[in-house]
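Q: just coords:
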Ligand SMILES: Nc1ncnc2c1ncn2[C@@H]1O[C@H](COP(=O)(O)OP(=O)(O)OP(=O)(O)O)[C@@H](O)[C@H]1O
Ligand SMILES: [Mg+2]
């Protein structure tokens, strides 16, 4: 039986270069400013613990086709389990606001919708790796995949394995995220990420404000 969760679990999802890391930074700054008493846990997937980061290195580097989608799904789940057990769940039990850069929706999209791994099997892997933990709020940054990839090339990146998978792959990723958002309308908030970052941040904050209000957090104006 899982201990009572007192914190909030917020995830960011979206294709390559959609602005997840940029928006997480802005949201974190806003929380520190407006909720000074809150403790914040900022983390990412795959990775988030020393051991899970070593799985990340295997997944995100090297030739685009070096792993089968099912292998990726199991590696993502292995990494996620370490992350949930050692970082996310303890932080939530401590009352933290946990902000995670990608989580299991990415696995359902990249390895499931695009990679063809059965979604029911992925639900089973979620039960094993997350032990019932589901985000309170997921912000989906929706962006044309060509625009997103162009942004990552301009930014530069050491972890190119998924970026190298080609234009059709990334268009499918966008479609997969949109379909997932339709399946979970109460949890996943879709945000138009093609606008200037500051406008995207306004929508991110509006969604987080609603979540905070619903959970009795007092935001200073
Ligand atoms: N709204 C925006 N408009 C234009 N450029 C942006 C916007 N948001 C972020 N960028 C820039 O696009 C690049 C990619 O952004 P960011 O790294 O935040 O995306 P990401 O979703 O985290 O990417 P990845 O999937 O590679 O982790 C960065 O150089 C960032 O400064
Ligand atoms: Mg990023």
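A: Received, thanks. A quick note: this is a predicted structure, and the numbers were derived from the prediction, not measured. Ligands and ions are numbered 1, 2, ... in the order given.
Q: every contact and neighbour count from this point should use C-alpha atoms.
A: Will do.
Q: all strands for the protein, in order.
A: Assigned by DSSP state E, the strands in the chain fall at 8-14, 40-44, 97-101, 137-142, 188-192.
Q: helices or strands up against the fourth one?
A: What that stands for is strand 137-142. Counting contacts by 3 or more C-alpha pairs under 8 Å, 6 or more residues apart in numbering; DSSP states H and E, strand 137-142 packs against strand 8-14, helix 167-183, strand 188-192, helix 197-214.
Q: for residue 193, phi and psi?
A: Note on residue 193: backbone dihedrals following degrees, to the nearest 10 are phi -100, psi 10.
Q: tell me the pLDDT of it.
A: Looking at residue 193, its pLDDT is 98.
Q: distance check, it against residue 27.
A: Separation of residue 193 from residue 27 (C-alpha to C-alpha, to the nearest Å) stands at 15 Å.
Q: ok, now residue 10?
A: Residue 10 sits 11 Å away from residue 27, going by C-alpha to C-alpha.
Q: more neighbours, those two?
A: Neighbour count, other C-alpha atoms under 10 Å: between residue 10 and residue 27, residue 10 has more, with 23 against 18.
Q: so which bits of the chain are right by ligand 1?
A: 15-22, 151-152, 155, 193-197 (C-alpha under 6 Å from any ligand atom).
Q: contacting residues around the most centrally placed residue in the chain?
A: In the chain, the residue lying closest to the centroid (C-alpha atoms, centre = their mean) is residue 102, at 1.7 Å. Contact analysis of residue 102 by C-alpha atoms under 8 Å, 6 or more residues apart in numbering lists 11, 12, 13, 14, 44, 45, 46.
Q: one more time with 7 Å
A: Taking C-alpha atoms under 7 Å, 6 or more residues apart in numbering as the contact definition, residue 102 lies against 11, 12, 13, 44, 45.
Q: of those residues, closest to residue 136?
A: Comparing the contacts of residue 102 against residue 136 with C-alpha to C-alpha places residue 11 closest, at 8.2 Å.
Q: what's the pLDDT at the closest one?
A: Per the predicted model, pLDDT is 98 at residue 11.
Q: again, but for residue 156
A: At residue 156, pLDDT is 86.
Q: now do it: how many residues are near it, please.
A: Neighbour tally, residue 156, other C-alpha under 10 Å: 10.
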